[in-house]
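In: sequence and predicted structure below; questions after.
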Amino acid sequence: MAESLQAARTKIESARDAVQSDEGASPVLAAVVNEFAKKAKKAVGSSDERVAVIELEQAGDSAKAAAEADPGVSPATRDIVLEAHLAICIAKSKLAP
């Protein structure tokens with residue numbers, strides 16, 4: 001699980017960087033994706049992977065929704081945010097039941 005969380009964190013940080021450099025991205029999208037990145041950093045160091053993944057997935061859902069709703073964000077940036085969301089969904093699928 002640690003590897004999956006680290007891989008997700010890498011994608012999430014790439015999404016954050018893309019949003020920050022996208023002049024069309026709204027401040028709301030930037031704030032939501034920044035929060036997603038903070039949760040990713042916290043999740044990697046968490047002792048309770050299940051809770052960390054659930055919190056990270058919720059932040060990812062918010063980032064996905066914000067990216068899809070932002071009319072000014074570039075398609076490439078939107079895709080990177082959606083890929084970051086997918087990465088945490090994949091990590092969640094690897095959690096033991």
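Out: Structure received. Because the structure is predicted, anything quoted here is derived from the model rather than measured.
In: going forward, measure contacts between C-alpha atoms and count neighbours the same way
Out: Will do.
In: was I right about Ala8 contacting Ala91?
Out: Yes. Between Ala8 and Ala91 there is a contact under C-alpha atoms under 8 Å: 7.4 Å.
In: the two - which one has more neighbours?
Out: Regarding Ala8 and Ala91, a neighbour count based on other C-alpha atoms under 10 Å identifies Ala8 as having more, with 27 against 19.
In: ok now the host helix or strand of the more buried one, how far from the chain's centre?
Out: Element membership of Ala8 [criterion: DSSP states H and E] is helix 2-21. In terms of C-alpha atoms, centre = their mean, to the nearest Å, the centre of helix 2-21 is set 6 Å apart from its chain centre.
In: which parts of the helix or strand following it are buried?
Out: Next helix or strand after helix 2-21 toward the C-terminus (DSSP H and E): helix 27-44. The neighbour-count check on helix 27-44 (16 or more other C-alpha atoms under 10 Å) flags 29-41, 43-44 as buried.
In: what of stretch 58-77?
Out: 58-68, 70, 73-74, 77.
In: straight-line length of that stretch, end to end?
Out: 20 Å (C-alpha to C-alpha, to the nearest Å).
In: isn't Lys41 up against Ala8?
Out: No. Using C-alpha under 8 Å, Lys41 makes no contact with Ala8, being 9.9 Å away.
In: so who does Val73 touch?
Out: With contact taken as C-alpha atoms under 8 Å, 6 or more residues apart in numbering, Val73 is in contact with Val19, Asp22, Glu23, Gly24, Ala25, Ser26, Ala67.
In: would you show me how to pick out the buried ones of the residues you listed in ChimeraX?
Out: Those of the contacts of Val73 that count as buried under 16+ other C-alpha under 10 Å are selected in ChimeraX with:
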select :19,22,25,26,67
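In: of the contacts of Val73, which pair is most distant in space?
Out: The span of the contacts of Val73, defined through C-alpha to C-alpha, is set by Glu23 and Ala67 at 13.7 Å.
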